[in-house]
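Q: Generate a structure from the sequence data that follows.
(chains A, B, C, D and E, ligands or ions: 5)
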Amino acid sequence: EPVKIGALFDLTGGTADVGKPYAQGVRDCVRWFNEEKDGINGRQIELLGVDYSYKIPQAIAAYKNFMRQGVVAVHGWGTGDTEALTKFVSRDKIPYFSASYSEHLTDPAKAPYNFLVGATYSDQARIALKYIKENSEEDTAAFIYNDTGFGRSPFFPDAENYAKKIGVDVVDTEIVGLKALDATSQLLNMQKKSPAYALIQETYMATSTILKDAQKLGIDTKFIGLNWTFGKTLIELAGEAANGFYGTNSFAMWNQTDVEGIKFLHELNAKYHPNVKYRAVNYIQGFSSMYVLLSALEMTEGELTGENIKAALESMKNFSTMGLTAPVSFSKDSHKGVTALKLYQIQNGEIKPVSDYISAD
Amino acid sequence: MLNVNNIEVVYNDVILVLKGLSLNVREGSVVCLLGSNGAGKTTTLKAVSGLLDSEDGRVTDGEIVFMGDRIDNKDAAEIVKNGIFQIMEGRRVFKDLNVEENLIAGAYTSPSAKVKDYIDKVYTYFPRLKERRTQLAGYMSGGEQQMLAIGRALMAEPKLILMDEPSLGLSPLLVKEIFNIIKTLREKENASILLVEQNANMALAVSDYGYIMENGKIVLEGTSEELVKNEDVKEFYLGSGTGRKRFRDVKHYRRRKRWLS
Amino acid sequence: MINKESLLTVKNIYLSFGGIMAVAGVSFNVNKGDVFSIIGPNGAGKTSILNTITGIYFPERGSIFLKGADITKMPVYKRPAKGVVRTFQNLELFKGMTVLDNLMLSRHSLMNYGIFSSIFYFGKPLREEVRHREKVEEIIDFLDLSGIRKKHVFELSYGLQKRVELARALALEPELLLLDEPMAGMNTEETEDMARYIIDINEERDTTIVLIEHDMNVVMDISSRILAIDFGEKICEGLPSDVANDERVLSAYLGEEKWI
Amino acid sequence: MNYTNCGNFKTSYVKDAAIFQTKFSLIMIYSFIVLTFIFPFFANTYYLYLCNTIFIAIIGAAGLNILTGFTGLISLGHGAFIGVGAYAAAYIFNNTDLNFLIVIPLSGLVTAAVGMFFGIPSLRLKGLYLSIATLAAQFILQFFFVRAEFITGGVSGAFVNFPSVFGVSINSDFSFYFVGLIFTIIMLLAAKNLLRTKTGRIFLSIRDNYIAAEAMGVNVFKYKIISFGISSFYAGVAGALWLFYLTIITPEHFTIGVSIQYLSMVIIGGLGSLLGSIFGAVFITLLPEFLRFAADNLSQIYPAVTSAFAAIREGAFGIVIILFLLLEPEGLAKRWNLIKAYWKLWPYSH
Amino acid sequence: MMDFFLQLVITGIVIGSIYSLLALGFTLIYKATGVVNFAQGELLLVGAYICLQFTVGYKVPFIFSFLLTLVFMFFFGFLIEKIFLRKMIGEPIISIIMLTIGLSSVLKSVVQLFWGTSTRTFPQIFPEEPIAVMDLQISYVYLASIVAVAVFLLLFTVFFKKTRVGVAMRAVASDQQAALSMGINVKRIFALSWAIAAIVSTVGGVFLGNINGINTSLSHFGLMVFPVVILGGLDSIGGAIIAGLIIGVLENLAGGYIDPLIGGGAKEVFPFVVMILVMMIRPYGLFGTADVEKV
Ligand SMILES: Nc1ncnc2c1ncn2[C@@H]1O[C@H](COP(=O)(O)OP(=O)(O)OP(=O)(O)O)[C@@H](O)[C@H]1O
Ligand SMILES: Nc1ncnc2c1ncn2[C@@H]1O[C@H](COP(=O)(O)OP(=O)(O)OP(=O)(O)O)[C@@H](O)[C@H]1O
Ligand SMILES: [Mg+2]
Ligand SMILES: [Mg+2]
Ligand SMILES: O=S(=O)([O-])[O-]
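A: Residues are numbered from 1 along each chain as shown, chains lettered A, B, ... in the order given. Ligands and ions are numbered 1, 2, ... in the order given. I've put the predicted structure just below:
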């Protein structure tokens, strides 16, 4: 009898451009377990993947359907669905992984069954602030975000408090919509405060707008983007303007072939998808996240009940993801799997790591 | 030039409105079609002009032949090109176009070189329209709108004009004027006219031939002279003879026509 | 006639649209029990006068009195309650509703129950509905609409729709009924019927009538007084016989032919 | 259907105005209601979930139909009004000791007030201009949901605990089903009564010809506002139910997409028909589920084209709507009536 | 200080010109067919992707692929009308609105089917170096869009006032059946207006694509132009253009002056607030024609 796992993907909705590679990563991981690792201790894994188009009612419908089919865990996707399902998964005791890096979803007191592989937005912002503190002469920063749960999550109140704590001056905050065509007025206002760095929480399009307008206006603030701002697509969109842009990214990149996990994924793809020569970072995210979930299932003692899986997860300490992320640890007090990451920078159209692992404590 | 043979018209696939109706219009003649409300006069005209289609109506039986061509269930646009133009009931001017633009729209099927001449011609028939040439048609009074509707027809220089109650809502003076225009049209414009009217006195006066319909069928036809003399026509359409009548003396609301089928 | 009580008084009203003077200083007085007709060429301003009486437009100058009370600036919707109700020149019915609902709607202001109670339906709302339904049935009977009461208005022929409009106005139990070309588009027989209805409404239902109509046979026959206007101005007012022989009326409106 | 004078006027007129005209239809409807109460004892969570969303959708759609179908005011802000109800419910529930059964109508009232406020432009605006003003309401309210953190909890949303009544916690699809069902029945009955009496006729008259309505003594503006109010009340109740079902809401639940979805319900179901609102709500709620079911099954057979199926599914939703409009432009309610008429005449119909 | 203001205004005009383009297509369809097109954003999307396919996929030089796209979109608009909207002639306006909503999901899914969901970029077409206007750097894309707006404005004004087809289009918008009785081929007019609208929005889409790349989320501009078309008056070509510029400028001024006061976000709701206020004073927008309602 197979082990059933539910998965919510966005293949057609508002976040499909990153949702698709992520889903592929999840699927490949399952396939790898099934075909080469003998499933979960001999039981095949059945992945019930559902494209919910980033629509919450459809996510809930899919979840109810998972329950009907008897899944042991769910791998979700965005902030909206993860939040909407929090109450249900805690009631039903279903471990729930997702790619929503909002910190409030990693607090076991509020969301006992939610787990996250990857640094939370708040941690990413903390790490960026830490980097600013250590590398800049002037300790001033601005926050640029969009007015959604996703956009505000890293900054208010976490990054704000942390900046105060370590002595970085947040001199300005600006709102730039996710689909903004221009950010001139915001950047002009920001320029008046001339922060040394600005943290950006957006997706590719708005980030590109910001970087291009900043270049046009001759703004010399340096920009650090959180994980969704950062990737090869940005370089295509922003061109020249992307040069010098920093990103906080908890995952190894496709071109870091010195990392064991990346080398492994190259091989895996050569076998499964011989035509595919490049994988976006989202693929690696999806793969890593599922890898941790499946490994926890393997480690679970006794039946695969929610409580047992949760116990297995909470006992994970410094679990190695083959270098795809910093080692993963969960505990009864924290469901953040990863709290350290490297900063990357775009240099001449290439993404290069520019720091060692920095941890956010 | 127009032969309507035994047509049946059905709305929405269920409502049978015309039940085997036939009529003819000879070249250069004015033919009037009389009948009470709901008899199917408008429907008849629309069947000829192809406007039924836009109301989910269809000619299901019989044929309509115009100058040798079958035109039943053809496109309205094509029928206008063939030379039939319907002046619709209720004027139907383009409310938010001005007078001149309404006329230009009427000339859609005419050669563009002639549009200016036609406009001038309409203005000579209706000087009032010239005064109002830049006014939005929707804000004109009923009579003015009717003039515009007739003017639009002239813009297409049709061979056959179908007029649906052109005197509706017009002042006595204008009614006369409209009928004079009809006479003029026939003499100067060389147009044949199929005229639907409630004002039977006038209609029979300007027409050569008349049909009277009830309930989707022709119940009486004849030359206008014959019809004017017919007792039933006198009673129900002309109002006892020519003189005015005392409405207070008419005691019963509904009397029934003798030819009721 | 002299002792008749005055119902509607229009004093020197003006109304213009853009550059066009639709009504230019018209005054007249309608007494209780009158059939008061307004005639004039197309575009003379007849409908515009009606529109000022019913409040669709407010006159720019001048005033309108109903039973001595100034109603010049009263909003449209308050006037029916004062007894002023109209029909329209081009049918303005509620096409998607049944004939019955058209008439019942008219009586909404006479119905005495609130929105909240209506959600429970039984009790007062139901009693009121039945009471008003009875009144409406009287009118349906009177105008012989019983065969079509459950029909949607858009299904009806033009002539019937005209009659429904009259019925809808009657359902409001008006004191002053304003009719804008009720006979337009009707044949002789139907015109006779309509004339008969108007006479009965006037005499039996005790309703004062202001009538706009181009059918001179009717106007001359059933009016007690006639006002003739042209270019928004009064050209003549008086008894039918006076107006019919007035030179200016003849030249502006009737044409050469004598009507009486 | 012609009314015939048969002596006893009173009972005839009462009968003439009854919702269910024949004994047969009355029996059918009672049996149906009984069945709906028995159903949850035999159904699994997934089906109960679908029913629960359908209940909420029916109430919301009925509300929108009152405004759009009956009064003729097209609203593109219904989703936001539903949001107002949900947030109001969360706020009241968390800050008072009131039972959620009281909180639900209260949030309806709050939403009605907000709806009436956003109805004010109807004083001057007509037709499409007004609809787009309601679109503005949608965006302005969304902004409010995000920014008025002290009331709405901002972007991280509002939470409540599972409510309970008579000591029973409404924390499962099974228990919520009864709450949803009862509210749906009450709300539909109230709407039906409202619409078959004075107010309903006034709404229709405004829809059909507002100038004539005014000339017949209708205070058009007042009733437009009332229509906004009633419609929003329904939205508010739907929103409050949604909150208590989910116990957590964020601004993302009440986007323009939701407004459009409700609009499709009333159009597909049939404008100006309460029955249509029910059909529309059922149809639009089940359609994506059905399409997903189909897509999933097909993907299992042809896994290589999984992503193509995903894209097609979105389009299929559009296609179904388009087909509906092309084939059934007057909505499902119309078709239902035709079917009913057919069976009434059976076996004499051809 | 003045500099700041000027910069905001100029950026506003520049962005506004894109809004104008998008609004124009919308207004065209409304004017001729009375249809409020909720699939406007998707038309734009299809246009942009087609152009991308020509330039990137088939390596056609941009200017040719742009022209090819316009031709393609002309027929595409034509076809859409023929397949989907033709049958709806005469149905209630709200059903037609719904149909365009359905259409929007169909078009979106077609785009996803052919081009997927990842963000795609045009090759460098306009010079990357912006040019300086009054101390402000403006990209060439925006200049091109301003020029396009001016050209369209001129073309359409003449078209609707002076040409017979233009007048016929307005006649159709005013009363379809009466237009039919004039011999106006209503179906062709409808198709034509969709064809033209498809072209206009394609121009907007291609410019948008050149600013920041394209993915399916670009279709959301279809909704964002509502304040513009309403402010200008639904049926006014000039109105659409002027309102586009006004909204662009207001948005930026709001961003510049109000954002700092309320902590940001004004830029996005402000157009809607302005829209409502203007509508309360001018119910048919700045240049829209009032419904003729004579009784
Ligand atoms: N679009 C339609 N759908 C259904 N029935 C229709 C339609 N148009 C007309 N009818 C019906 O067809 C019959 C004939 O209508 P028609 O308009 O042809 O009459 P008419 O002789 O022109 O009457 P009137 O003198 O009132 O204009 C009427 O009973 C009418 O109800
Ligand atoms: N809403 C309006 N806007 C602009 N002009 C108007 C409006 N209403 C009426 N007019 C103009 O005012 C004048 C008088 O119109 P009105 O409708 O009162 O004429 P009428 O006497 O009723 O004519 P008819 O007998 O043809 O109905 C006309 O020239 C008309 O164009
Ligand atoms: Mg007729
Ligand atoms: Mg008039
Ligand atoms: O993606 S939603 O619009 O459904 O939130």
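Q: need the contact list for the residue nearest to residue A:25 when sequence neighbours are not counted.
A: Leaving aside its chain neighbours, residue A:25 sits nearest to residue A:286 (2.7 Å; criterion: Cβ to Cβ, 6 or more residues apart in numbering or on different chains). Heads up, the C-betas are built off the backbone N, CA and C, glycines and all. Counting by Cβ atoms under 8 Å, 6 or more residues apart in numbering or on different chains, residue A:286 touches A:21, A:22, A:23, A:24, A:25, A:26, A:29, A:99.
Q: Which of those has the largest number of neighbours?
A: residue A:26 (29 neighbours; other Cβ atoms under 10 Å in any protein chain shown).
Q: Shouldn't the residue nearest to residue A:25 be within a helix?
A: Yes. Checked against DSSP: H, G, I helix; E, B strand; the rest coil, residue A:286 lies within a helix.
Q: biggest helix in the chain, by residue count?
A: Reading this off chain A. helix A:16-36 (DSSP state H).
Q: try chain C instead
A: What stands out as the longest helix in chain C, according to DSSP H, is helix C:124-142.
Q: near ligand 1, anything from the helix or strand following that one?
A: Proceeding N to C from helix C:124-142, the next assigned helix or strand is helix C:158-171, under DSSP states H and E. Yes. Judged by Cβ under 6 Å from any ligand atom, helix C:158-171 and ligand 1 are in contact via C:158, C:159.
Q: who's in contact with residue 70?
A: You didn't pick a chain, so chain A it is. Counting by Cβ under 8 Å, 6+ apart, residue A:70 has contacts residue A:4.
Q: other chain: chain B
A: B:63, B:64.
Q: give me phi/psi at it?
A: Taking degrees, to the nearest 10, you get phi -70, psi 130 for the backbone angles of residue B:70.
Q: For the chain, which segments count as strands?
A: Since no chain was named, I'll use chain A. A:3-9, A:45-51, A:73-75, A:96-97, A:114-115, A:140-145, A:169-175, A:197-201, A:222-225, A:246-249, A:340-347, A:350-353, A:358-359 (DSSP state E).
Q: Sorry, I should have been clearer: chain C.
A: Under DSSP E, chain C gives strands at C:6-17, C:20-31, C:35-39, C:61-66, C:69-70, C:84-86, C:176-180, C:208-212, C:225-230, C:233-238.
Q: Pull the contacting residues for the residue of the stretch 51-200 of chain E found nearest chain B.
A: Closest to chain B within the stretch 51-200 of chain E is residue E:183: 2.7 Å, counting by Cβ to the nearest Cβ. Each residue near residue E:183 by Cβ under 8 Å, 6+ apart is listed here: B:76, B:77, B:79, B:80, B:81, B:85, B:108, B:109, B:156.
Q: which SS class is it?
A: Going by three-state DSSP: residue E:183 is coil.
Q: For it, what are phi and psi?
A: With angles defined as degrees, to the nearest 10, residue E:183 sits at phi 80, psi 10.
Q: Just give the nearest non-adjacent residue to it, would you?
A: residue B:80 (2.7 Å).
Q: So which other helices or strands are in contact with the helix or strand where the one you found lies?
A: Residue B:80 is part of helix B:76-82, with elements assigned from DSSP H and E. Judged by 3 or more Cβ pairs under 8 Å, 6 or more residues apart in numbering or on different chains; DSSP states H and E, helix B:76-82 is in contact with helix B:41-49, helix E:176-181.
Q: can you put those helices in a markdown table and add distance to residue B:116, mean neighbour count and mean pLDDT?
A: Formatted as a markdown table, these follow (distance: least, Cβ to Cβ, whole Å; neighbours: other Cβ atoms under 10 Å in any protein chain shown; pLDDT from 0 to 100):
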| stretch | distance to residue B:116 | mean neighbour count | mean pLDDT |
| --- | --- | --- | --- |
| helix B:41-49 | 26 | 25 | 94 |
| helix E:176-181 | 21 | 25 | 90 |
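Q: Quick check: residue B:216 vs residue B:62, distance?
A: 12 Å (Cβ to Cβ, to the nearest Å).
Q: what do you get for residue A:343?
A: 85 Å.
Q: With residue B:121 instead?
A: 36 Å.
Q: number of nearby residues for residue 109?
A: Going with chain A. Neighbours of residue A:109 (other Cβ under 10 Å): 6.
Q: Oops, wrong one, chain E.
A: 24.
Q: Show me what from the stretch 151-260 of chain C comes close to chain D.
A: Taking Cβ under 8 Å from any Cβ of the partner chain as the measure of proximity, the stretch 151-260 of chain C contacts chain D at C:168, C:172.
Q: Point out where the stretch 151-260 of chain C drops to low pLDDT.
A: C:256-260 (pLDDT under 70).
Q: Could you pull up the mean pLDDT of the helix or strand harbouring residue D:111?
A: Using DSSP H and E, the element containing residue D:111 is helix D:100-119. Helix D:100-119 shows a mean pLDDT of 97.
Q: ok, it near chain A or not?
A: No. If you take Cβ under 8 Å from any Cβ as the test, helix D:100-119 misses chain A, and the best it gets is 15.0 Å.
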